[in-house]
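Undergrad: What shape does this take:
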Amino acid sequence: MKTPAGNRRWLLLVHQLPAKPSNLRVQTWRRLQQLGAIPVKQAVYALPDTPESREDFEWLKDEITGAGGEATVFAADNVDAWSDDALVQEFKRTRESSYKELGREMARALAALRSPGTSRRKPNAQRVLDTFRQRLDAIAQIDFFAAPGRDRAAKLLGDLEATITDVAAHVAVTKAAHKSAGDYSGRTWATRPYLETDGRTRHSADGSRPAPQHP
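TA: Have a look, this model is predicted:
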């Protein structure tokens, strides 16, 4: 989600949390991370001023006040001690860090998939791929200023998907080969050497020649 430059305004959430419930602080922090907000002061978080961001902050404000805390959302043309450029760079830096961390995890998963014996050890590869895709989409949704790192993460995701497809094809071929071989497993085969063909002398099943037959 890219935010256009020019006449940039910011939304600020200022909040104070009660001592209880004790998990409210962690829940609020996690929610702020999900929204892509960055801290600009103690208990003050910023987002670009967009309709989506305003709705998100208002929702969080209601949650905080409903739990007995205090919260205020307001718009500002500038943020104390932050220039617009510095604030934009902080958003970019935070998202770039998220892309890099996700990229490292995908690179490790890719290396594991390409290692010997993968077909036996990675039955949940598709689920892992889906999780990575969801995480990349979530970061992109809060990438307001086109941070570096997204293209590399997307390429790793594509490489991962291609590798999983190759592994799945290899597993299918291997299973088919095992099944084909299993069709003949445990069977007893009998041979009859020197059977008569086209009227020529035939041999018995034990390989001995029978006595000649005279008319």
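Undergrad: Residues contacting stretch 83-96, please?
TA: With contacts defined as C-beta atoms under 8 Å, 6 or more residues apart in numbering, stretch 83-96 is touched by 8, 10, 36, 38, 40, 46, 48, 78-79, 82, 139, 142-149. Where C-beta positions appear, they are placed from N, C-alpha and C, glycine not excepted.
Undergrad: Phi and psi next, for the nearest residue to Ile142 once chain neighbours are set aside.
TA: Of all residues not flanking Ile142 in the chain, Gly36 sits nearest, at 2.8 Å (C-beta to C-beta, 6 or more residues apart in numbering). Summarising the backbone geometry of Gly36 under the convention degrees, to the nearest 10, its torsions are phi 90, psi 10.
Undergrad: and what of the one 10 residues further on?
TA: Taking degrees, to the nearest 10, you get phi -120, psi 150 for the backbone angles of Ala46.
Undergrad: Isn't it up against Leu35?
TA: No: the criterion here is C-beta atoms under 8 Å, and Ala46 misses it with Leu35 at 10.6 Å.
Undergrad: Of these two, which one has the most company?
TA: Residue environment comparison for Ala46 versus Leu35 gives the larger neighbour count to Ala46, 23 against 19, counting by other C-beta atoms under 10 Å.
Undergrad: Distance of Thr72 relative to Val79?
TA: Remark: distance between Thr72 and Val79 (C-beta to C-beta, to the nearest Å) = 15 Å.
Undergrad: how's this protein carved up into domains?
TA: Structural domains of the chain, as assigned by automatic domain parsing, span the residue ranges 10-82, 92-182.
Undergrad: got a markdown table for those domains, with mean pLDDT too?
TA: Shown next, in a markdown table, are the domains of the chain (pLDDT from 0 to 100):
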| stretch | mean pLDDT |
| --- | --- |
| domain 10-82 | 95 |
| domain 92-182 | 84 |
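Undergrad: Report the central residue of the chain.
TA: Within the chain, one residue has its C-alpha closest to the average C-alpha position: by C-alpha atoms, centre = their mean, that is Phe132, at 1.2 Å.
Undergrad: how about the helices in this structure?
TA: Using DSSP state H, the helices of the chain run over 24-35, 51-66, 84-113, 118-121, 125-141, 150-182.
Undergrad: and of these, who's closest to His15?
TA: Among the helices of the chain, the nearest to His15 by C-beta to C-beta is helix 51-66 (5.3 Å).
Undergrad: For that closest one, which helices and strands make contact with it?
TA: Secondary-structure packing of helix 51-66 (3 or more C-beta pairs under 8 Å, 6 or more residues apart in numbering; DSSP states H and E): strand 10-16, helix 24-35, strand 44-48, strand 70-76.
Undergrad: what residues does that helix touch?
TA: Residues from elsewhere that reach helix 51-66 (C-beta under 8 Å, 6+ apart): 1, 11, 13, 15, 17, 24, 28, 31-32, 35, 37, 47, 70-73.
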